[in-house]
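sequence-free structure coming up:
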């Protein structure tokens, strides 16, 4: 199992992104924004370590690695501003703290569907992890066909000045679901593709999402039978 950790945005990078977005004047405290990013990055590292430990435990005790790999990411300033704009909110520290829960995120790719819920339960059962919100797009897929389990958890981060609870978004999905989501994302945001082709492939992907889920369910049953 591999955890791909992206480097933390430094102060100069955050300042540059704010200048590029022409929104620097809207932030009430630049240092406070940097601190939020640093705290969220540390929170993601804490959750990543917990997930690595859980995967090691399952491997040793059950001869099964539920996690195929993980990817850690930090939200860009552009994405942060865009999300606040969509919510009709100004770029202020108060709005970032109270309304943005996915500055730091981890995508967990599992081997089987059952592993998704196994990992989720094992994570939120830990005494220092608090579940904030949960959206199950596996049992209730989006109209596009997208499937994934999204949870936001809070984790205490120890700093030299004390302890702060920070939110981290965790997206959990299978290898097949991740492959589908990557292709759908490319189709959605590749703007130079013929609109007719986009429409055709969008319809196909909706159908393939259901077929892929059925295949993964049957493969899971084979795996269970071999255990």
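Arrived safely. No experiment lies behind these values; they were computed from the predicted model shown.

Okay, helices next: where are they in the chain?
For the chain, the helices defined by DSSP state H occupy 11-20, 30-62, 77-86, 93-99, 113-124, 175-189, 195-226.

Format those helices as a markdown table; extra columns: mean neighbour count, mean pLDDT and distance to residue 155.
(Each C-beta comes from the backbone N, C-alpha and C, glycine too.) Below are the helices of the chain laid out as a markdown table (neighbours: other CB atoms under 10 Å; pLDDT from 0 to 100; distance: least, CB to CB, whole Å):
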| stretch | mean neighbour count | mean pLDDT | distance to residue 155 |
| --- | --- | --- | --- |
| helix 11-20 | 14 | 66 | 22 |
| helix 30-62 | 17 | 92 | 5 |
| helix 77-86 | 16 | 89 | 20 |
| helix 93-99 | 14 | 92 | 16 |
| helix 113-124 | 18 | 97 | 10 |
| helix 175-189 | 16 | 90 | 24 |
| helix 195-226 | 13 | 91 | 30 |
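
Now find how far off-centre stretch 166-176 is within its chain.
Centroid separation for stretch 166-176 versus its chain: 4 Å, with CA atoms, centre = their mean, to the nearest Å.

Give me the buried stretch members for that stretch, please.
Neighbour counts using 16 or more other CB atoms under 10 Å place 166, 167, 168, 169, 170, 171, 172, 173, 174, 176 of stretch 166-176 among the buried residues.

From the residues you listed, which land in strands?
If you go by DSSP state E, these have 166, 167, 168, 169, 170, 171, 172, 173, 174 in strands.

Tell me who's in contact with the nearest residue to the first one once chain neighbours are set aside.
I take that to be residue 166. Among residues not flanking residue 166 along the chain, residue 43 sits closest, at 3.9 Å (CB to CB, 6 or more residues apart in numbering). By CB atoms under 8 Å, 6 or more residues apart in numbering, the contact set of residue 43 is 104, 155, 157, 166, 167, 168.

how about 7 Å then?
Residues near residue 43 by CB atoms under 7 Å, 6 or more residues apart in numbering: 104, 155, 157, 166, 168.

Output these in CSV; the columns should cover pLDDT and distance to residue 186.
Output for the contacts of residue 43, formatted as CSV (pLDDT from 0 to 100; distance: CB to CB, whole Å):
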residue, pLDDT, distance to residue 186
104, 96, 24
155, 97, 32
157, 96, 34
166, 96, 31
168, 97, 26
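
Residue 110: which of those residues is nearest?
Nearest to residue 110, judged by CB to CB, of the contacts of residue 43 is residue 168 at 17.7 Å.

just to revisit the earlier point, so which of the contacts of residue 43 is the closest to residue 66?
Once CB to CB is applied, the member of the contacts of residue 43 that ends up nearest residue 66 is residue 168, at 18.9 Å.
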